[in-house]
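> Could you work out the structure for the sequence below:
(2 chains)
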Amino acid sequence: MAGAQTPSRRPSLGMTGDRHAVVALDQPFDSDTLSELRKAVRSEATALGLPDTRTAEVVLAVHELAANAVVHGGGSGRAQIRVVAGELHCQVTDPGAGSGDARTGTSVAQPWPFRPGRGLWIARNVADRFSTAPGVSGSQVTAVFTLPGR
Amino acid sequence: MANYLRVEAGSGYRQCVLRVIGELDLVTAAEFADRADAAVEATSGPVIVDLSSLTFIDVFGARALATVVRTLPAARRPVIRSCPPHVRLVLDMLNLPLSYLPTDPLTGNAPPSVTRDLVDLVQQARLDAGKAKLAASWTLARLADTGIRLASTRERAGLMREQGQETLARTRSARDRA
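Model (predicted):
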């Protein structure tokens, strides 16, 4: 993973097809780098002028989407945050289920009754909009937050 | 192992205070459960879970927290204090059956606990009073002992004086006769 960890944090023109998108964050993650991902998302959201409570919700949403990829997906993935027309598009892509990270999947088992997918539900709850799509090589989930008006 | 979570256990007066510091997520949840269980087992009395320094919690962390709290015997009355708003948001969304101490709606911190301070003060005063009582009864006992010894010394002194006077009288009469 070490070679892939070169997050481009400086806003640049997006390569994702949205003509006016600015990529604010593009970072790979796995179970060992979730904390770093949260830190990066927090600083980006703060830099974009989101209030603390909203920042916490963005961090929570991105983390839960990433954690979902780590536990139920391929054990790793990629988080992208783009600024599109006054909105924050937080997109998490995972390379696909099947190659699951068994280490993480089992070590977090706890007796408290808990349905899988709660993380996604949480992200859906805090976001203004939410969409899931089968991506090119895995699944792709996007949580959208409206940025404060100018 | 991730090192962004710490659990500090302090035992106050007949209570166990668990301070959860850092980020409680899917990576640190198991570690948290182990540390919390160990800390709870090593102490007695009501358990207070202090979340004031918890900077992040996710669904796995919330589940671990709920498990630790819910598996405690009712006698230990586990309660959560100083739950920051971003943590409360997650716990509330998951509808976890946790009890909370009153929280300041603006800061999310527990209000300065006058009651707790008073309880501590009273306990301390009670302890000090107990110590003072012990010291006083010891002093009293010594005093009584000294009184007894004083009386016996005085008695002996009186006896010796009588003996002295007797000897003096005998010496004088012997001298007079001589």
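> okay, now the domains of chain B?
B:5-111, B:113-178 (automatic domain parsing).
> Highest mean neighbour count out of these?
With neighbours defined as mean count of other Cβ atoms under 10 Å in any protein chain shown, the domains of chain B peak in mean count at domain B:5-111, which reaches a mean of 18. Where you see a C-beta, it was placed from the backbone N, CA and C, and this is true even at glycine.
> roughly how far is that one from the heart of the chain?
Relative to its parent chain, domain B:5-111 has a centroid offset of 21 Å by Cα atoms, centre = their mean, to the nearest Å.
> can that domain be found next to chain A?
Yes - using Cβ under 8 Å from any Cβ of the partner chain, domain B:5-111 reaches chain A at B:23, B:25-27, B:29-30, B:33, B:56, B:58-60, B:63-64, B:66-67, B:70-71, B:85-86, B:89-90, B:93-94.
> mind listing what the lowest-mean-pLDDT helix or strand in chain B pairs with, with the direction of each?
When the helices and strands of chain B are compared on mean pLDDT, DSSP states H and E, strand B:5-12 comes out lowest with a mean of 84. Applying DSSP bridges, strand B:5-12 is found paired with strand B:15-24 (antiparallel).
> Between the domains of chain B, which one is closest to residue A:123.
Residue A:123 sits nearest to domain B:5-111 of all the domains of chain B, at 9.9 Å, using Cβ to Cβ.
> average pLDDT across the helix or strand where residue A:142 lies?
Assessed by DSSP states H and E, residue A:142 sits inside strand A:139-146. Strand A:139-146 carries an average pLDDT of 91.
> Walk me through which strands that strand pairs with, and which way each runs.
Sheet pairing of strand A:139-146 (DSSP bridges) gives strand A:87-94 (antiparallel), strand A:129-134 (antiparallel).
> Buried residues of the last one, list them for me.
The neighbour-count check on strand A:129-134 (16 or more other Cβ atoms under 10 Å in any protein chain shown) flags residue A:130 as buried.
> Now tell me what touches it from outside.
Residues from elsewhere that reach strand A:129-134 (Cβ atoms under 8 Å, 6 or more residues apart in numbering or on different chains): A:123, A:124, A:139, A:140, A:141, A:142, A:143, A:144.
> give me the low-pLDDT residue ranges for the chain?
Defaulting to chain A. Applying pLDDT under 70 to chain A flags residues A:1-20, A:96-116, A:135-138, A:150.
> right idea, wrong chain: chain B
Looking along chain B with the criterion set at pLDDT under 70, you get B:1-2, B:12-13, B:103-117.
> again, 90 this time
Where chain B drops to pLDDT under 90, the residues are B:1-4, B:8-17, B:39-46, B:70-79, B:81-85, B:95-127, B:178.
> Residue A:121 is in what secondary structure piece?
helix A:118-126.
> show me what contacts residue 50?
Since you didn't name a chain, this refers to chain A. So residue A:50 contacts A:58, A:88, A:145, A:147, A:148 (Cβ under 8 Å, 6+ apart).
> Switch to chain B, please.
B:17, B:18, B:19, B:20, B:81, B:82 are the contacts of residue B:50 under Cβ under 8 Å, 6+ apart.
> out of the residues of domain B:5-111 next to chain A, which are inside helices?
B:29-30, B:33, B:59-60, B:63-64, B:66-67, B:70, B:85-86, B:89-90, B:93 (DSSP state H).
> that older thread, ok, which pair from the contacts of strand A:129-134 is furthest apart?
Pairwise distances across the contacts of strand A:129-134 peak at 16.9 Å for A:139 and A:144 (criterion: Cβ to Cβ).
> higher neighbour count, the two?
Shown here are residue A:139 and residue A:144; by other Cβ atoms under 10 Å in any protein chain shown, residue A:139 has more neighbours (20 against 17).
> what is the more buried one paired to in the beta sheet?
Residue A:139 has the following beta-bridge partners by DSSP bridges: residue A:94, residue A:134.
> how far away is it from chain B?
Residue A:139 sits at a distance of 18 Å from chain B (criterion: Cβ to the nearest Cβ, to the nearest Å).
> That residue reaches residue A:91, doesn't it?
No - look at residue A:139 against residue A:91 with Cβ atoms under 8 Å: they stay out of range, at 11.0 Å.
> in what helix or strand does residue B:131 lie?
helix B:114-177.
> Check which residues of the strand holding residue A:142 are buried.
Neighbour-count burial for strand A:139-146 [16+ other Cβ under 10 Å]: A:139, A:140, A:141, A:142, A:143, A:144, A:145.
> Would you map the strands across chain A?
A:12-13, A:22-30, A:76-84, A:87-94, A:129-134, A:139-146 (DSSP state E).
> give me every residue that touches the spatially closest residue to residue B:96 that is not a sequence neighbour.
In space, and not counting its chain neighbours, residue B:96 is closest to residue B:66: 4.4 Å by Cβ to Cβ, 6 or more residues apart in numbering or on different chains. Residue B:66 sits next to A:112, B:91, B:94, B:96, B:97, B:98 when contact means Cβ under 8 Å, 6+ apart.
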